[in-house]
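Engineer: my questions concern the predicted model and sequence given below.
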Amino acid sequence: MALCVTSVDEASPAQALGLGAGCTLLAIDGHALCDALDYQFYTTPARFALELCQDGQRRTLQVEKGEYEPFGCNFQTYLGDEKHSCANHCMFCFIDQLPPGMREPLYFKDDDERLSFLFGNYITLTNLTDREIDRILEMHISPIFVSVHTTNPELRVRMLANKRGGETLQYLPKLAAGGIELNCQLVLCRGINDGAELRRTLDDLLALRPQVGSIAVVPAGVTAYRQGLYKLQAYDRATAAQTLDILEEYSRRCRAQYGRSIVYPSDEWYLTAGREVPPAEFYDDFAQLEDGVGMWRLYHDTFLEELAAYRGLVLPHGIDVVTGTLAAPLIEQSMQALMQRYPQVQVTVHPIRNEFFGGNVSVTGLVTGTDIIRQCHGKLQSELLAVPEVMLRDEKDRFLDDITLPQLAEALGCRVIAIPTDGGGCCKACLSAHKRIRRVKRGPNERRE
């Protein structure tokens, strides 16, 4: 393996040594360079021997620089190579349930330990080798996020449809023994890895404390696009309550023993079971927020905090807000509190049924522009529609179905804005929405607010 340099930074050690685009980095102090993590780790010291190939000549340079000073080489991608793809065919995989015709990147399944460390992406460990595990230990790449699902080897092979699914469970105690923090995820499939299997998995993972820092437990999502896939049955009120009983039992036990909940049910369990979401203290540092754990509570509390603390001018105005059906009761409750405090503001909440994906998909992040247009056309009560940023891709410009904000605005005949997903940011955006409306009414040459 090697790293091909695409450019070097101005006034960097690499430039001073005459490196440039086209040269290939082979090894540092005898360690082969496979990707940008190798490069970053081995170029950290003040002195090292760099083996490279430049202009067809292989040679070794003795490098001296400041410790931790960037060496200055850049590569085609931030990883130095391509993302590692998933080798599993999980019975619950959500990407396999996507409808056709969406953006190509949405169909890519990553399973990359580097993305786990850098961005908190979950990995299953099934495409890792002993060398990569040893590298994680040597570089102390921590924390990493692991999709465990079950610690029953035979069941894990079945769930992941990968013969390595069971054997790679041995990496968990090895990583824990090496001091790597593990944040784990369990996707539960009704009647498969819940009940007694869930208890077994929780017991096995908690035996790896304190390296297992958190365990997020979420129900498998089921869309209408499962032709040819394993027949999954979505959780209902009764089965969600049964599962939640187990999870809360373990959370209480962990809190008594470790002072932390450790086992965190996702918000969907509480909402499906019709139970009250726990207080903020239950979620500790909200370590699994991106997995839908504690989002409801954090939104609720920060919304009310901002509402009580807001000191800006609030002029009379109206605003429409869209949300998923799962979060609709929370958003409606929050907006009622806002309108009680500021009667001059009128907020209309539109719960959007996810007809695009069908099935039991009800989270806000998977709402599409197509469904918003169909369900909001002719029903808006104001000239300004607010869309939570979680519905949009990272650039905040388009939905999963590729519809852009301008296209949504044109279809509905209104102005569309993206608002923060967090409660405090959403509250502030709704209270200050009159500024957005006044900007629309002003002419193009007039001063903006």
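Structural biologist: Thanks, I have the structure now.
Engineer: mind listing what residue 192 touches?
Structural biologist: The neighbours of residue 192, taking Cβ atoms under 8 Å, 6 or more residues apart in numbering as the test, are 91, 155, 159. Quick note: C-beta positions are derived from backbone N, CA and C, even for glycine.
Engineer: closest one of the residues you listed to residue 229?
Structural biologist: residue 91 (7.2 Å; Cβ to Cβ).
Engineer: what sits against that closest one?
Structural biologist: 158-159, 161, 189, 192, 229-230, 232.
Engineer: most neighbours, which of those?
Structural biologist: Among the contacts of residue 91, the one with the most neighbours (other Cβ atoms under 10 Å) is residue 159, at 24 neighbours.
Engineer: just the element for that residue, please.
Structural biologist: helix 153-160 (DSSP states H and E).
Engineer: how far off centre is that helix?
Structural biologist: Between the centre of helix 153-160 and the centre of its host chain there is 24 Å, according to Cα atoms, centre = their mean, to the nearest Å.
Engineer: what does stretch 117-129 give?
Structural biologist: With Cα atoms, centre = their mean, you get 13 Å for stretch 117-129.
Engineer: what about that stretch, start to end distance?
Structural biologist: Length of stretch 117-129, first residue to last, Cα to Cα, to the nearest Å: 17 Å.
Engineer: what residues of that stretch count as buried?
Structural biologist: Within stretch 117-129, the residues scored as buried using 16 or more other Cβ atoms under 10 Å are 117, 120-128.
Engineer: kindly report the same for stretch 327-343.
Structural biologist: Neighbour-count burial for stretch 327-343, counted by 16+ other Cβ under 10 Å, picks out 327-328, 330-332, 334-335, 337-338, 342.
Engineer: with stretch 276-290 instead?
Structural biologist: Residues of stretch 276-290 classed as buried: 277-278, 282-284, 287-289 (neighbour count, 16+ other Cβ under 10 Å).
Engineer: what does it rub up against?
Structural biologist: 120, 183, 185, 213-214, 216, 251, 260-261, 264, 267, 270-271, 293-298, 300-301.
Engineer: how distant is that stretch from the center of its chain?
Structural biologist: For stretch 276-290, the distance to the chain centre is 16 Å (Cα atoms, centre = their mean).
Engineer: ok, which stretches of the stretch 101-250 of the chain are helices?
Structural biologist: 113-119, 130-139, 153-160, 171-177, 195-206, 237-258 (DSSP state H, counting those that start in this stretch).
Engineer: pick out the shakiest of those helices, pLDDT-wise.
Structural biologist: Of all those, the minimum mean pLDDT falls on helix 113-119 (a mean of 79).
Engineer: same for that helix, what does it pack against?
Structural biologist: Secondary-structure packing of helix 113-119 (3 or more Cβ pairs under 8 Å, 6 or more residues apart in numbering; DSSP states H and E): helix 36-42, strand 122-123, strand 144-147.
Engineer: quick check: buried residues in whichever strand or helix holds residue 306?
Structural biologist: Residue 306 is located in helix 295-309, with elements delineated by DSSP H and E. Within helix 295-309, the residues that qualify as buried are 295-300, 302-304, 306-307, counting by 16+ other Cβ under 10 Å.
Engineer: any chance of these in CSV, with pLDDT too?
Structural biologist: CSV is the format used below for those (pLDDT from 0 to 100):
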residue, pLDDT
295, 91
296, 92
297, 95
298, 94
299, 94
300, 96
302, 96
303, 97
304, 97
306, 97
307, 97
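Engineer: residue nearest the centroid of this structure?
Structural biologist: Central residue check for the chain by Cα atoms, centre = their mean: the C-alpha nearest the mean position is that of residue 290, 4.5 Å away.
Engineer: rewinding a little: nearest to residue 10 among the contacts of residue 91?
Structural biologist: residue 161 (49.6 Å).
Engineer: where does the prediction get shaky in the stretch 1-150 of the chain?
Structural biologist: Scanning the stretch 1-150 of the chain for pLDDT under 70 picks out the ranges 1, 101.
Engineer: now the helices for the stretch 301-449 of the chain?
Structural biologist: According to DSSP H, counting those that start in this stretch, the helices that the stretch 301-449 of the chain contains are 328-341, 369-376, 405-412, 423-431, 433-441.
Engineer: mean neighbour count, these: which tops it?
Structural biologist: helix 423-431 (a mean of 22; mean count of other Cβ atoms under 10 Å).
Engineer: using CSV, list the CA coordinates for that helix.
Structural biologist: Output of helix 423-431 as CSV, limited to C-alpha atoms (Å, rounded to 0.1, in the frame of the first residue of the first chain):
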residue,chain,number,x,y,z
GLY,A,423,-35.0,22.9,20.7
GLY,A,424,-33.3,26.2,21.6
GLY,A,425,-32.4,27.0,18.0
CYS,A,426,-35.9,26.1,16.8
CYS,A,427,-37.5,28.3,19.5
LYS,A,428,-35.3,31.3,18.6
ALA,A,429,-35.9,30.8,14.9
CYS,A,430,-39.7,30.8,15.4
LEU,A,431,-39.7,33.9,17.6
